[in-house]
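1. only the shape, not the letters, is given here:
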């Protein structure tokens, strides 16, 4: 698994199930981990094994999440972050567009419309993320989950309401490339 232990992935999974271990610290104690807090390799793995073995009982460990998941933003190659608020089906009010523009101006962020019909705000520093998200949440935004293992992008058409060729409203899930 890593240098923190001689335990293999399978041995850790088996111990979690047979001993009904519910916390990372419990796993570390039961299996004699050499480092008290684990490392960036074993900690996320153990957290995943706990949650997948005992989804209703295991204690999720936020420290095990990758930085993107912890701060609700994507780390970029220059060390800054991009913030991607959720825009369901690409539908957004003028007031929300204004908020996105104001946040981008206030924090000096570069903006880009993504292929997933969202506005990506690039160039945020780590310390700026909490105030950026406070302003976005206050305006009714939530995270677009563009950084984790989740449904990320759904394409939609303006459908029969606006499109002269539209016969029905539809969305296409690009994760599985099928009509939803």
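-> Nice, I can see it. What you see is a predicted model, and the numbers here were worked out from it, not measured in a lab.
2. domain-wise, how is this structure divided?
-> Split into domains by automatic domain parsing, the chain comes to 9-64, 69-151.
3. quick one: average confidence on the last one?
-> Model confidence over domain 69-151, given as mean pLDDT, is 86.
4. how far off centre is that domain?
-> Its chain's average C-alpha position is 12 Å from that of domain 69-151, according to CA atoms, centre = their mean, to the nearest Å.
5. could you say which helix or strand contains residue 14?
-> Secondary structure assignment for residue 14, by DSSP states H and E: helix 9-18.
6. in terms of secondary structure, what does the next helix or strand along the chain from that helix contact?
-> Note on helix 9-18: by DSSP H and E, the next helix or strand toward the C-terminus is helix 24-30. On a contact count with 3 or more CB pairs under 8 Å, 6 or more residues apart in numbering; DSSP states H and E, helix 24-30 meets helix 9-18, helix 42-53. Backbone N, C-alpha and C define where each C-beta goes, glycine included.
7. does anything pack onto the strand ranked longest in the chain? Which helices or strands?
-> Scanning the chain for the strand with the most residues, using DSSP state E, yields strand 119-124. Packing contacts for strand 119-124, counted by 3+ CB pairs under 8 Å, 6+ apart, involve strand 81-83, helix 94-107, strand 110-113.
8. how much does that strand deviate in direction from helix 94-107?
-> 10 degrees (axes from the mean of the first three to the mean of the last three CA atoms, to 10 degrees).
9. mind listing what strand 119-124 pairs with, with the direction of each?
-> strand 81-83 (antiparallel), strand 110-113 (antiparallel) (DSSP bridges).
10. any idea how far residue 97 is from residue 106?
-> 15 Å (CB to CB, to the nearest Å).
11. what do you get for residue 118?
-> 12 Å.
12. more crowded one of these two?
-> Using other CB atoms under 10 Å as the criterion, residue 118 and residue 97 rank with residue 118 on top: 21 against 12.
13. and the more buried one, how close does it get to residue 89?
-> Distance, residue 118 to residue 89, using CB to CB: 11 Å.
14. and the pLDDT at residue 174?
-> 46.
15. run a quick neighbour tally on residue 128.
-> 19.
16. offset the numbering so it begins at 16, please.
-> Happy to do that; since the first residue is 16 now, the last one works out to residue 143.
17. before we move on, back to that, so which of the helices and strands packed on strand 134-139 is the most packed in?
-> Mean neighbour count (mean count of other CB atoms under 10 Å) peaks for strand 96-98 among the helices and strands packed on strand 134-139, with a mean of 25.
18. can you list contacts of that strand?
-> With contacts defined as CB atoms under 8 Å, 6 or more residues apart in numbering, strand 96-98 is touched by 86-91, 124, 135-141, 144, 147-148, 151, 161.
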